[in-house]
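A.B. asks: Got a predicted model here, sequence first, then my questions.
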There are 2 protein chains.
Amino acid sequence: MTPPPLSPPTPPVPLPPTDFSINQMTVKQLPLPELVTACADLGIRGVGLWREPVQEYGVEAAAKLVRGAGLHVTTLCRGGFFTARDPAERARALADNRAAIDEAAALGTDTLVLVSGGLPAGDRDRDLPAARERVADALADLAPYAAARAVRLAIEPLHPMYAADRCVVSTLTQALDLAERFPADQVGVCADTYHIWWDDQAPAALTRATTTGRLHAFQLADWTTPLPHGVLTGRGQLGDGTIDFHHWRHLVESAGYTGPTEVELFNDTLWASNGREVLAETVRRYVAHAC
Amino acid sequence: MTPPPLSPPTPPVPLPPTDFSINQMTVKQLPLPELVTACADLGIRGVGLWREPVQEYGVEAAAKLVRGAGLHVTTLCRGGFFTARDPAERARALADNRAAIDEAAALGTDTLVLVSGGLPAGDRDRDLPAARERVADALADLAPYAAARAVRLAIEPLHPMYAADRCVVSTLTQALDLAERFPADQVGVCADTYHIWWDDQAPAALTRATTTGRLHAFQLADWTTPLPHGVLTGRGQLGDGTIDFHHWRHLVESAGYTGPTEVELFNDTLWASNGREVLAETVRRYVAHAC
């Protein structure tokens, strides 16, 4: 009789460095209480939360749950979507962003990540510079409200493949230029390697953001191909793609960044897997590829 | 009895301006002789050819066919793929590019479009700056060979979503910086709206390319979403997407560009349609959206 096949041994999970933070979306299959428990079990100290699951659980209850586990909320994702031209729609967007700022404050995080929005749909609007100016207008409206609640607004440039339908701010330089219209403790940037890795001007912008105190959030995801239909859910696990994380981490650290580093993956394959195992593997990958 | 439903009337096809050129890939379902006849019927004067169908037909035969119909070959697509690190692979790429230059000369076009290549596959190469330097090395090797045959090399920046697997030159500024290491009549750029429309620095780069005699090719395609799996075959018909062609045409014209404008669409839906109808519709769209 042959013995049953052995499962490959599970590699041990190293203790993550204290700056490591897991973005909730990476393991969105885990309900918030399970995420919090799993983080505690693995020694994870930081978590980036999303508004929808937090609202579903209850903002105050979520704040209590996370605080009770000794977890630090590194960011709240996300505000933004500032590009509507219709006045009523703009007013709704601003009100929703004020609510997001309140939620961030309630959760005890100092950073609200902003995805600026694409070109307004349905009216064949093709004016990118005008849409970008409407983002600046919205920031001028929201920055004092956020500052009064000790929340910083972090403009996240999204990869240029999202310029039409998701985010008209396409480079870190653009995001930083926008942020610099406001005080650094009110408006900064969120730099995600997935969105900026291709850009030969991003290293200089990242250094500038860090030294001027405007790097409010730093996120990692790897670039893998082929991109899926709709290009939203193909963010690669660290080490699976073409991004040199040591390079990017070294850049921000040598410029003086001491904040958290979040891993944020949107990935259909990971979402279809066991959430705890994905979390453990993400810690392993972080230690292997980004430390 | 009700009469049978009428087909909607086919709108007339305007005579395209003399600077209009159709890139062969837009109607790749048309064999070369049919493409040439269809161009003659519609009064199209310029065509951008691709190496593979030209080789299949025979380079000399293709040159004779196109010349006989009074068609001008505006570009040959494409050389490039310069990023291999393996010496034998690099030597093969350079030899293939010399063949492409010879084919361009035989076809009577002065412009070979270059797609530079992505990161070398299979070896976890993550060094974009080094890959970009290998592109410069290849240009240094090929530019004199091309110049001796009166062929200009046109570096085409591809959208950043292709940086890993197709083209490490991601912006028009990058392409122009590379080109400017060489004489303007030897190395320039190919600007395609699909690849550069999102970039707030592209207008200045396009003006600079034009005024310095380095805009060797100008191509149009529209940006439509959602992007398809693999993001290669979703280039939109003019007017279907978010690109303001009047803006881009005005930019190059006001900077003094008098060369051809090619429409180059890779689009599964168009490829599955009647090639002659696609060609006629492309002329209509060009006149409506880019003139």
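C.D. replies: Everything's here; your move. Numbering: from 1, shown residues only, chains lettered A, B, ... in the order given.
A.B. asks: Tell me the gap between stretch A:125-142 and the middle of its chain.
C.D. replies: 21 Å (CA atoms, centre = their mean, to the nearest Å).
A.B. asks: And chain B, is it touching that?
C.D. replies: Yes - with CB under 8 Å from any CB of the partner chain as the measure, stretch A:125-142 is seen reaching chain B through A:Asp125, A:Arg126, A:Asp127, A:Leu128, A:Pro129, A:Arg132. Yep, even glycine has a C-beta here, placed from its N, CA and C like the rest.
A.B. asks: Can you name the residues in contact with that stretch?
C.D. replies: With CB atoms under 8 Å, 6 or more residues apart in numbering or on different chains as the test, stretch A:125-142 has contacts from A:79, A:82-85, A:90, A:93-94, A:97-98, A:101, A:116-120, A:153, A:155, A:163, A:168-169, A:174, A:178, A:181-182, A:187, B:197-198, B:200, B:242-244, B:247.
A.B. asks: next helix or strand past the biggest strand by length in chain A?
C.D. replies: In chain A, assigned by DSSP state E, the strand with the most residues is strand A:72-80. Toward the C-terminus, strand A:72-80 is succeeded by helix A:87-107 as the next helix or strand (DSSP states H and E).
A.B. asks: Put the alpha carbons of that next one into PDB.
C.D. replies: Output in PDB follows, covering the C-alpha atoms of helix A:87-107 (Å, rounded to 0.1, in the frame of the first residue of the first chain):
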ATOM      1  CA  PRO A  87     -24.100  71.000  -9.900                       C
ATOM      2  CA  ALA A  88     -26.500  68.700  -8.000                       C
ATOM      3  CA  GLU A  89     -24.200  65.800  -8.700                       C
ATOM      4  CA  ARG A  90     -21.200  67.800  -7.500                       C
ATOM      5  CA  ALA A  91     -23.000  68.800  -4.300                       C
ATOM      6  CA  ARG A  92     -23.800  65.100  -3.700                       C
ATOM      7  CA  ALA A  93     -20.100  64.100  -4.200                       C
ATOM      8  CA  LEU A  94     -18.900  66.800  -1.800                       C
ATOM      9  CA  ALA A  95     -21.500  65.800   0.900                       C
ATOM     10  CA  ASP A  96     -20.400  62.100   0.500                       C
ATOM     11  CA  ASN A  97     -16.800  63.100   0.900                       C
ATOM     12  CA  ARG A  98     -17.600  65.000   4.100                       C
ATOM     13  CA  ALA A  99     -19.200  61.800   5.300                       C
ATOM     14  CA  ALA A 100     -16.000  59.900   4.400                       C
ATOM     15  CA  ILE A 101     -13.900  62.400   6.300                       C
ATOM     16  CA  ASP A 102     -16.200  62.000   9.400                       C
ATOM     17  CA  GLU A 103     -15.800  58.200   9.000                       C
ATOM     18  CA  ALA A 104     -12.100  58.400   8.800                       C
ATOM     19  CA  ALA A 105     -12.000  60.500  12.000                       C
ATOM     20  CA  ALA A 106     -14.300  58.100  13.800                       C
ATOM     21  CA  LEU A 107     -12.000  55.200  12.800                       C
END
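A.B. asks: could you check the angle helix A:87-107 makes with the following helix or strand past that helix?
C.D. replies: Reading on from helix A:87-107 to the C-terminus, the next helix or strand found by DSSP H and E is strand A:111-115. Compare the direction of strand A:111-115 with that of helix A:87-107 by axes from the mean of the first three to the mean of the last three CA atoms, to 10 degrees and you get 150 degrees.
A.B. asks: and the stretch 151-291 of chain A, which of its residues are near chain B?
C.D. replies: Counting by CB under 8 Å from any CB, the stretch 151-291 of chain A sits next to chain B at A:159-161, A:163-165, A:170-171, A:174, A:197-200, A:223, A:225-231, A:241-244, A:247.
A.B. asks: Return the members of those residues classed as buried.
C.D. replies: By neighbour count, with 16 or more other CB atoms under 10 Å in any protein chain shown, those hold A:159-161, A:163-165, A:170-171, A:174, A:197-200, A:223, A:225, A:227-228, A:231, A:241-244 as buried.
A.B. asks: Just those: which are in strands?
C.D. replies: Taking DSSP E, the ones among these that sit in strands are A:Trp223.
A.B. asks: all strands in chain A, in order from the N-terminus.
C.D. replies: With DSSP E as the criterion, chain A has strands spanning A:20-23, A:46-50, A:72-80, A:111-115, A:152-155, A:187-192, A:215-220, A:222-223, A:235-236, A:261-263.
A.B. asks: can you redo these as JSON lines with distance to B:Glu52?
C.D. replies: Formatted as JSON lines, the entries for those read as follows, by distance: least, CB to CB, whole Å:
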{"stretch": "strand A:20-23", "distance to B:Glu52": "44"}
{"stretch": "strand A:46-50", "distance to B:Glu52": "47"}
{"stretch": "strand A:72-80", "distance to B:Glu52": "44"}
{"stretch": "strand A:111-115", "distance to B:Glu52": "41"}
{"stretch": "strand A:152-155", "distance to B:Glu52": "44"}
{"stretch": "strand A:187-192", "distance to B:Glu52": "38"}
{"stretch": "strand A:215-220", "distance to B:Glu52": "39"}
{"stretch": "strand A:222-223", "distance to B:Glu52": "29"}
{"stretch": "strand A:235-236", "distance to B:Glu52": "31"}
{"stretch": "strand A:261-263", "distance to B:Glu52": "42"}
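A.B. asks: Could you list the low-pLDDT ranges of the stretch 1-150 of chain A?
C.D. replies: Applying pLDDT under 70 to the predicted model, the residue ranges of the stretch 1-150 of chain A that meet it are A:1-9, A:122-124.
A.B. asks: What degree of burial does the residue of it found nearest chain B show, as a neighbour count?
C.D. replies: When distances are taken as CB to the nearest CB, the stretch 1-150 of chain A approaches chain B most closely through A:Arg126, which lies 4.1 Å from it. The local packing count at A:Arg126 equals 19, with neighbours defined by other CB atoms under 10 Å in any protein chain shown.
A.B. asks: Got the confidence number for the spatially closest residue to A:Val252 that is not a sequence neighbour?
C.D. replies: Beyond its immediate neighbours in the sequence, the residue positioned closest to A:Val252 (CB to CB, 6 or more residues apart in numbering or on different chains) is A:Thr210, lying 5.4 Å away. Looking at A:Thr210, its pLDDT stands at 98.
A.B. asks: which ones are touching A:Thr210?
C.D. replies: With contacts taken as CB under 8 Å, 6+ apart, A:Thr210 has the following neighbours: A:Val252, A:Ala255, A:Gly256, A:Tyr257.
A.B. asks: Narrow those to just the buried residues.
C.D. replies: Using 16+ other CB under 10 Å as the burial test, these include A:Val252, A:Ala255, A:Tyr257 as buried.
A.B. asks: And for the nearest residue to A:Glu34 once chain neighbours are set aside, the neighbour number?
C.D. replies: In space, not counting the residues next to it along the chain, A:Glu34 is nearest to A:Gly275; the distance is 7.0 Å by CB to CB, 6+ apart. Around A:Gly275 sit 18 other residues, with neighbours defined as other CB under 10 Å.
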